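S.K.: fold the following.
(chains A and B)
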Amino acid sequence: AQKVTQAQTEISVVEKEDVTLDCVYETRDTTYYLFWYKQPPSGELVFLIRRNSFDEQNEISGRYSWNFQKSTSSFNFTITASQVVDSAVYFCALSPHSTGANSKLTFGKGITLSVRP
Amino acid sequence: EAQVTQNPRYLITVTGKKLTVTCSQNMNHEYMSWYRQDPGLGLRQIYYSMNVEVTDKGDVPEGYKVSRKEKRNFPLILESPSPNQTSLYFCASSFPGAQETQYFGPGTRLLVL
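M.R.: Below you'll find the predicted structure:
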């Protein structure tokens, strides 16, 4: 069975600090996909990134960066120079290839990030 | 604008009173799914549908029904709601395949008294 663990439940930082959100996953599949979603206080789920298990290159998008390490089954998310608008719940999710046509996402429990001015 | 819509956004009801939460998408996605979000549990899949008239159970299907008569719509039905179904519900849609990004509706917050 697949599993996503987000060990941090709540993180609080001061604006402009860097913060890393950890994600560790378990799957027996050799091919799988990892996702990060953001849930701001308004409640909607916003897609941030998708990563293919074949591609271990790190990715940077503005202040966001992702570090995928297959050897440690981790897909960590770093926000550089955090801002108050980054305050949200962040979910890591796994979509194993073995589900075939069922694109079921297995979610972690989420990390609540609070960025104080 | 490409989107997934859900109605109602907020609902307060009483135990046993049947209700339907609608979900509609305009992206011609074959795949649609319902999740529920509960504090400390993340999101869990309730039901999914690969296409019209094709539905199957997710991880927590008890107490729910779905139908997929049209490609764009995937309503969630609670025949006899109970307080343990108080939750935040999300509908999602995508093209089929584990690699596809799922796009979520805005959520429906349900309170069952």
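
S.K.: off-centre distance for the helix or strand of chain A with the lowest mean pLDDT?
M.R.: In chain A, no helix or strand scores lower on mean pLDDT, DSSP states H and E than strand A:59-61, which sits at a mean of 84. Offset of strand A:59-61 from its chain centre (C-alpha atoms, centre = their mean, to the nearest Å): 13 Å.

S.K.: and stretch B:19-32, by the same measure?
M.R.: Centroid separation for stretch B:19-32 versus its chain: 8 Å, with C-alpha atoms, centre = their mean.

S.K.: residues of it that come out buried?
M.R.: For stretch B:19-32, burial by neighbour count (16 or more other C-beta atoms under 10 Å in any protein chain shown) applies to B:Leu19, B:Val21, B:Cys23, B:Ser24, B:Gln25, B:His29, B:Glu30, B:Tyr31, B:Met32. Backbone N, C-alpha and C define where each C-beta goes, glycine included.

S.K.: filter the residues you listed by proximity to chain A?
M.R.: Contacts with chain A are made by B:Tyr31 out of the buried residues of stretch B:19-32, judged by C-beta under 8 Å from any C-beta of the partner chain.

S.K.: sorry, back to before: what strands flank the least confident helix or strand of chain A, and is each parallel or antiparallel?
M.R.: Here strand A:59-61 is paired, per DSSP bridges, with strand A:64-69 (antiparallel).

S.K.: what's in contact with the partner strand?
M.R.: With contacts defined as C-beta atoms under 8 Å, 6 or more residues apart in numbering or on different chains, strand A:64-69 is touched by A:34, A:36, A:48-49, A:51, A:55-60, A:74-80.

S.K.: now the strands: where do they sit in chain A?
M.R.: Assigned by DSSP state E, the strands in chain A fall at A:3-5, A:10-14, A:19-21, A:24-26, A:32-39, A:46-52, A:59-61, A:64-69, A:74-79, A:88-96, A:106-107, A:111-116.

S.K.: meant to ask about chain B, not that
M.R.: B:4-7, B:10-13, B:19-25, B:31-38, B:42-51, B:54-57, B:65-66, B:76-78, B:87-94, B:103-104, B:108-112.

S.K.: so which elements touch the first one?
M.R.: Spelled out, it's strand B:4-7. In this structure, strand B:4-7 makes packing contacts with strand B:19-25, strand B:87-94, judged by 3 or more C-beta pairs under 8 Å, 6 or more residues apart in numbering or on different chains; DSSP states H and E.

S.K.: same check on the third one?
M.R.: When contacts are defined as 3+ C-beta pairs under 8 Å, 6+ apart, strand B:19-25 sits against strand B:4-7, strand B:10-13, strand B:31-38, strand B:76-78, strand B:87-94, strand B:108-112.

S.K.: and chain B, which residues reach chain A?
M.R.: Within chain B, the positions near chain A by C-beta under 8 Å from any C-beta are B:31, B:33, B:35, B:40-45, B:48, B:50, B:56, B:58, B:88, B:90, B:92, B:94, B:96-104, B:106-107, B:109.

S.K.: in PyMOL, select just the buried ones from the residues you listed.
M.R.: For the buried members of the residues of chain B next to chain A, the matching PyMOL selection, counting by 16+ other C-beta under 10 Å, is:
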select buried, chain B and resi 31+33+35+42+43+44+45+48+50+58+88+90+92+94+97+98+99+100+101+102+103+104+106+107
